[in-house]
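>>> Predicted model and sequence follow; I will ask about them next.
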Amino acid sequence: MASVQIADVRKAYGSTQVIHGVDIDINDGEFVILVGPSGCGKSTLLRMIAGLENISGGEIRIGPRVVNDVPPKERDIAMVFQNYALYPHMTVADNMAFSMKLRKAPKAEIDERVNKAAGILGLDKLLDRFPRQLSGGQRQRVAMGRAIVRDPQVFLFDEPLSNLDAKLRVQMRTEIKELHQRLKTTTVYVTHDQIEAMTMADKIVVMHDGIVEQMGAPLDLYDRPNNLFVAAFIGSPSMNLLKGTITAAGFETEGGVVWPIGQHPADSNGKAAVFGIRPEHIQLNPNGLKAEVVVIEPMGSETQVIVRCGGQSLTCVFRERITAKPGETITITPDIHVTHLFDAATGKRID
Amino acid sequence: MANSAIEMPASLTKTRSERSAWQKLRGNRNWLGFWYMMPAAGILLLFLAYPLFLGVWLSFTDTKIGRAGEFIGLENYEWLGGDSVFWMSVFNTLLYTVVASIAKFVIGLYLALLLNKHLPCKALIRAAVLIPFIVPTVLSAIAFWWIYDSQFSIISWSLRRLGWIDHNINFLGDPWNARWSTIFANVWRGVPFIAITLLAGLQTVSPSLYEAATLDGATPWQRFRHITYPLLTPIIAVVMTFSVLFTFTDFQLIWALTRGGPVNATHLMATLSYQRAIIAGQLGEGAAISTAMIPFLLAAIGIAWYGLQTRKWQQGGSNE
């Protein structure tokens, strides 16, 4: 196991820069998830750690060693690919043993490690099968088995669950997290799915357009997003963001509705801003703001309600059952301890 | 009643007794399918099966051009067994096929691997590689004929200019020179087909397999040996079968270059058969030479088929 330090790393394809100086510190044994929309540079960064892409600028360290010019096979990392990249002409056992066979490890050691990895992943009975004969989830496990057998310093995962169906994805999510808790190997995991990031990571790195927007523990990002991008990206259903100005009474939206806010940032009166409130932080309150119900989506444990308030639509999530019908009016109020204010011009958090 | 396949069982029992045999036949899907198959079967019978069987039959007769022959059993074959020219043509054909096929495979694979890399003007280079393949064989054979000319050969001229030789090489006049020269011309012509086909095969190999192998610690040679080669074997089997068949039955190139000379040194079975059957008029004997090629060709097909059959991982079957 090892720590990974990414210092001012840049990547350019010709004159097009895709990563503009990224700094990330990954501690020994940490599970870090790089998350962001497609094209944000997260996969490129992972491939640079793996050594599959050249590093145009900056420095990547694995443990104490700068690996910029170290070939991939000497970096002591293992990677799980999105399409699994299993060798189709080799059995499950051969797939897992391939790296050890290449470095001519003794047969007994290979068998021992393959059997151990197969045991961890429940692949014991599939060792003689070919990848073609496996289901998506099983292939995914073989890909992880291939990584485990090598006992590397760092595991790299490149969107490993995006080819699986929804139910299997949830199951594999738990398995990967459990595996990490068991092996405690430093892991860098790339995904575009913020739910995967929230549920699995020790630390989330939100990337956008080749820069790090914010990094931190999942709940820190959820509770105090640094900017509008992170606020909108993390959380499902996503945060309601309303444009308007900060006034003495609270936050006045463009539609003229005044939302109460917790504390006013200094010198902010009359300032154009964006008000953010998460759907579950909107409460029913008889003295609250009037809002017209547009759509009601009952989920059983909670009810998601789309309302229209001052000409803007908002998503609310209530623990209680809602009896109102579409077209009727309910009264709502934000939980003022958990509201967010962002600068309208820069998108930075201001409260 | 137009479609008996969707009729309900209850009405079926009732109508069955009323329908004539012809109506039943007309509603039968297999009967219809049989008729759809007829044009293809007819073409195959007329243009493949009939000439093949006629050829085999002729080889058991003493037919000559302009004179119907009689059945003479294996006499043609017995006669060929003692014919040194025939045995030389068998030797030539085997040498020609084995050497040219191996050379075409090695060069073709090398070219395919090269073309699969990121090269500038990739599309243009790939197109250029196909040129020997699109030039009609006879035209390229005539070009080679000039290249190999005993007086005006550009190769002899260049080597003389370089001072490496002091008199012209007799490319097509000396038995072994002629053999190697025709083999070279065949390789030149056959390489593009193999290179482009193998290139197509290479492009079906997912790049992430190479990346995974790189991370697993494979050197470029190990990546070729353990990833590229095994994944390419089905295509290699198919393309080499074709290559062996076409090389074994080659006629045009030899006929345009040497007509089997000098002193039968480059006669292949195909050219010898043509010479005996058409030029000399001994149809029966020529047919016997042609028929003698069949076992070799079947063996080549059999080997390729076996190669494909043993690759169970592709069909998703078990390995047992």
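Sure, I can see it.
>>> Go through chain A and flag its longest helix.
Longest helix of chain A, by residue count under DSSP state H: helix A:166-183.
>>> Close to chain B: what parts of chain A are there?
A:50-52, A:72-73, A:77-79, A:81-83, A:85, A:87-89, A:91, A:98-99, A:102-103, A:128, A:130, A:132-133, A:146, A:150 (Cβ under 8 Å from any Cβ of the partner chain). All C-beta spots, glycine's among them, are computed from the backbone N, C-alpha and C.
>>> Select only the buried ones of those residues in PyMOL?
Filtering these down to the buried ones (16 or more other Cβ atoms under 10 Å in any protein chain shown) takes a single PyMOL command:
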select buried, chain A and resi 50+51+52+72+73+77+78+79+81+82+83+85+87+88+89+91+98+99+102+130+133+146+150
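>>> so where's chain A uncertain?
For chain A, no stretch is flagged by pLDDT under 70.
>>> From the centroid of it, which residue is nearest?
Against the mean C-alpha coordinate of chain A, by Cα atoms, centre = their mean, the closest residue is residue A:197 at 2.9 Å.
>>> Determine the three-state secondary structure at that one.
Per DSSP: H, G, I helix; E, B strand; the rest coil, the secondary structure class of residue A:197 is helix.
>>> so who does it touch?
A:33, A:35, A:191, A:204, A:218, A:234 (Cβ atoms under 8 Å, 6 or more residues apart in numbering or on different chains).
>>> rewinding a little: could you tell me which of the residues of chain A next to chain B are located in helices?
Per DSSP H, the subset of these in helices is A:50, A:98-99, A:102, A:146.
>>> picking up where we left off before, out of the contacts of residue A:197, which is nearest to chain B?
Each of these was scored against chain B by Cβ to the nearest Cβ, and residue A:191 proved nearest at 17.2 Å.
>>> rewinding a little: got the ones in helices among the residues of chain A next to chain B as TSV, with distance to residue A:273 columns?
Converted to TSV, those look like this (distance: Cβ to Cβ, whole Å):
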residue	distance to residue A:273
A:50	42
A:98	56
A:99	54
A:102	58
A:146	50
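>>> what's the closest of these to chain B?
residue A:99 (3.8 Å).
>>> what's the closest non-adjacent residue to the closest one?
Excluding the flanking residues, the one nearest residue A:99 by Cβ to Cβ, 6 or more residues apart in numbering or on different chains is residue B:216, at 3.8 Å.
>>> quick one, phi/psi of the nearest residue to residue A:29 once chain neighbours are set aside?
In this structure, residue A:29 finds its nearest non-sequential neighbour in residue A:184, 4.7 Å apart by Cβ to Cβ, 6+ apart. Note on residue A:184: backbone dihedrals following degrees, to the nearest 10 are phi 60, psi 30.
>>> how far away is residue B:199 from residue B:114?
According to Cβ to Cβ, to the nearest Å, residue B:199 and residue B:114 sit 9 Å apart.
>>> swap in residue A:262?
On the measure of Cβ to Cβ, residue A:262 and residue B:114 end up 67 Å apart.
>>> quick one, phi/psi of residue A:271?
phi -80, psi 140.
>>> and the residue lying closest to it once chain neighbours are set aside, how many residues sit next to it?
Closest residue in space to residue A:271, ignoring its immediate chain neighbours: residue A:246 at 5.1 Å, by Cβ to Cβ, 6+ apart. Neighbour count of residue A:246, defined by other Cβ atoms under 10 Å in any protein chain shown: 23.
>>> wait, what's in contact with residue A:246?
A:252, A:261, A:264-265, A:268-271, A:273, A:341 are the contacts of residue A:246 under Cβ under 8 Å, 6+ apart.
>>> now with 10 Å?
A:252, A:261, A:264-265, A:267-273, A:275, A:341, A:344, A:350-351 (Cβ atoms under 10 Å, 6 or more residues apart in numbering or on different chains).
>>> got the residue ranges for the strands in the stretch 1-150 of chain A?
A:4-13, A:16-26, A:31-35, A:57-62, A:65-66, A:77-80 (DSSP state E, counting those that start in this stretch).
>>> and residue B:104, what helix or strand is that in?
If you go by DSSP states H and E, residue B:104 is part of helix B:84-115.
>>> residues of that helix that come out buried?
Buried, per 16+ other Cβ under 10 Å, within helix B:84-115: B:86, B:88-90, B:92-93, B:96-97, B:99-101, B:103-105, B:107-109, B:111-113, B:115.
>>> Quick one: mean pLDDT for that helix?
On average, the pLDDT along helix B:84-115 is 93.
>>> quick check, it touching chain A?
No. Under the criterion of Cβ under 10 Å from any Cβ of the partner chain, helix B:84-115 makes no contact with chain A; the nearest approach is 17.8 Å.
>>> So which elements touch that helix?
Packing partners of helix B:84-115 (3 or more Cβ pairs under 10 Å, 6 or more residues apart in numbering or on different chains; DSSP states H and E): helix B:75-81, helix B:122-129, helix B:175-203, helix B:229-248, helix B:252-257, helix B:269-274, helix B:283-309.
>>> winner for burial among those?
helix B:269-274 (a mean of 23; mean count of other Cβ atoms under 10 Å in any protein chain shown).
>>> Might you quantify the distance of that helix from its chain's geometric centre?
16 Å (Cα atoms, centre = their mean, to the nearest Å).
>>> go on, stretch A:258-267?
The mean C-alpha position of stretch A:258-267 is separated from the chain mean by 30 Å, Cα atoms, centre = their mean.
>>> Go ahead and name everything in contact with it.
For stretch A:258-267, the surrounding residues in contact (Cβ under 10 Å, 6+ apart) are A:242, A:244, A:246-253, A:268, A:271, A:273, A:275, A:277, A:288-289, A:309-310, A:332-341, A:343, A:349-351.
>>> and those residues, which are buried?
A:242, A:244, A:246, A:250-253, A:268, A:271, A:273, A:275, A:277, A:288-289, A:309-310, A:332-334, A:339-341, A:343, A:349-351.
>>> The longest strand anywhere in chain A: partners in the sheet, and parallel or antiparallel?
Assignment by DSSP state E gives strand A:282-298 as the longest strand of chain A. Neighbouring strands of strand A:282-298 in its sheet, by DSSP bridges, are strand A:303-309 (antiparallel), strand A:329-334 (antiparallel).
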